[in-house]
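Chemist: no sequence on this one, just coordinates:
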């Protein structure tokens, strides 16, 4: 057993600080893995490898969340082209089902607070 | 679930606790205790017969230990597997397995919640991971909303279709004298209600109420001699694939 020297979360956040959206890859099964973890959930034995996403994908689903206080905001599930899905938001989205399937690309919201990492968010493909 | 004998055990007593809004200060354990006592009465059994205790509850960290202490039971067998709202069907199967294996002879399955009375002070624990948390989904509703939006995209399902689910549920409530809200509900009411997480509005979501219930189970051989006609457990199955919606 190998000691966990750097947690999956720490490694992921370090990539974010470098302006990269990282994910893991299972060499035994040839499949992408997200969220990051220490064990392959597809049955592989070899350690998961870190890879950097090109940051392009499409909206798998989206909702407009109405908080108890404050303005509504979109929450989306994004399917990245490398084969993993993550929760994020799409800036400027309405959060309606007709936006499902639209192409998006990643950008990074600056870190808020000491020690925090930037947050990967998405914009419509082609948006400035 | 392989290993379960068809009809090897039966439900012999059932009861609900107070429902809706319970008396101030009532705890989840009070409701479980009330329901367990009534379910045993329904079966013609007493607390001293109970040697198997099964429970899950969002407000209790270790529900079987707390419930056994409350009831004065030192169980031969207990199980507090928590898989959300499906816990109790699952616990019925676990109870059947324990009964058939002879690990216990009289099993009670109990639930209690004061989540309406405790609104504002009690926040259910959610295992929201660090990767989803920055986007502030309103769980569990945003999870269902994302699934519903995807369903709309794939199948052309409409908000009107979804509203019919709420109308059907209200229709059943109107036939149940113990239901919390039996007022008439229209499609327009559902569609015009404040949004929570689109496409789901507040009337698409379940009511938040206090309540509890208990079920008593025994092996089939003993079930025949009790107060009520037994309801035999003929089979059970369970599956799970994910927790986070992402």
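Modeler: In hand now; what should we look at? Predicted, not measured: the structure shown is a model, and the values here were computed from it.
Chemist: And for the nearest residue to residue B:198 once chain neighbours are set aside, the neighbour number?
Modeler: In space, and not counting its chain neighbours, residue B:198 is closest to residue A:64: 4.1 Å by Cβ to Cβ, 6 or more residues apart in numbering or on different chains. In this view, the C-beta of every residue, glycine as well, is placed from N, C-alpha and C. Residue A:64: 21 surrounding residues under other Cβ atoms under 10 Å in any protein chain shown.
Chemist: Surely residue A:64 and residue A:90 touch.
Modeler: No. Contact criterion Cβ atoms under 8 Å: residue A:64 and residue A:90 do not qualify, at 10.8 Å.
Chemist: where do the contact lists of these two overlap?
Modeler: residue A:74 (Cβ atoms under 8 Å, 6 or more residues apart in numbering or on different chains).
Chemist: the longest strand in chain A is where?
Modeler: strand A:56-65 (DSSP state E).
Chemist: List the contacts of residue B:53.
Modeler: B:64, B:67, B:68, B:71, B:73, B:75, B:77, B:78, B:107, B:108, B:110.
Chemist: And the strands in the chain?
Modeler: With no chain named, the answer covers chain A. Under DSSP E, chain A gives strands at A:22-26, A:31-33, A:49-52, A:56-65, A:73-80, A:85-88, A:103-109, A:119-124.
Chemist: try chain B instead
Modeler: B:9-16, B:52-55, B:77-79, B:106-113, B:195-197, B:200-201, B:211-219, B:231-233.
Chemist: got those as CSV, with mean pLDDT columns?
Modeler: Shown next, in CSV, are those (pLDDT from 0 to 100):
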stretch, mean pLDDT
strand B:9-16, 98
strand B:52-55, 98
strand B:77-79, 98
strand B:106-113, 98
strand B:195-197, 97
strand B:200-201, 98
strand B:211-219, 98
strand B:231-233, 97
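Chemist: Go through these and name the closest to residue A:31.
Modeler: strand B:195-197 (29.7 Å; Cβ to Cβ).
Chemist: And for residue 128, the neighbour number?
Modeler: Going with chain A. Close neighbours of residue A:128, defined as other Cβ under 10 Å, add up to 3.
Chemist: switch to chain B, that's the one I care about
Modeler: 14.
Chemist: my guess is it contacts residue B:140, does it?
Modeler: No. Counting by Cβ under 8 Å, residue B:128 does not reach residue B:140; the two are 10.5 Å apart.
Chemist: Give me the distance between the residue nearest in space to the middle of chain B and residue B:206.
Modeler: Taking Cα atoms, centre = their mean, the centroid of chain B lies closest to residue B:85, which sits 4.9 Å from it. Distance of residue B:85 to residue B:206, computed by Cβ to Cβ, to the nearest Å: 9 Å.
Chemist: quick one: contacts for residue B:180?
Modeler: By Cβ under 8 Å, 6+ apart, residue B:180 lies in contact with B:19, B:20, B:173, B:207, B:209.
Chemist: quick one on the thing from earlier: angle of the longest strand of chain A against strand A:103-109?
Modeler: 70 degrees (axes from the mean of the first three to the mean of the last three Cα atoms, to 10 degrees).
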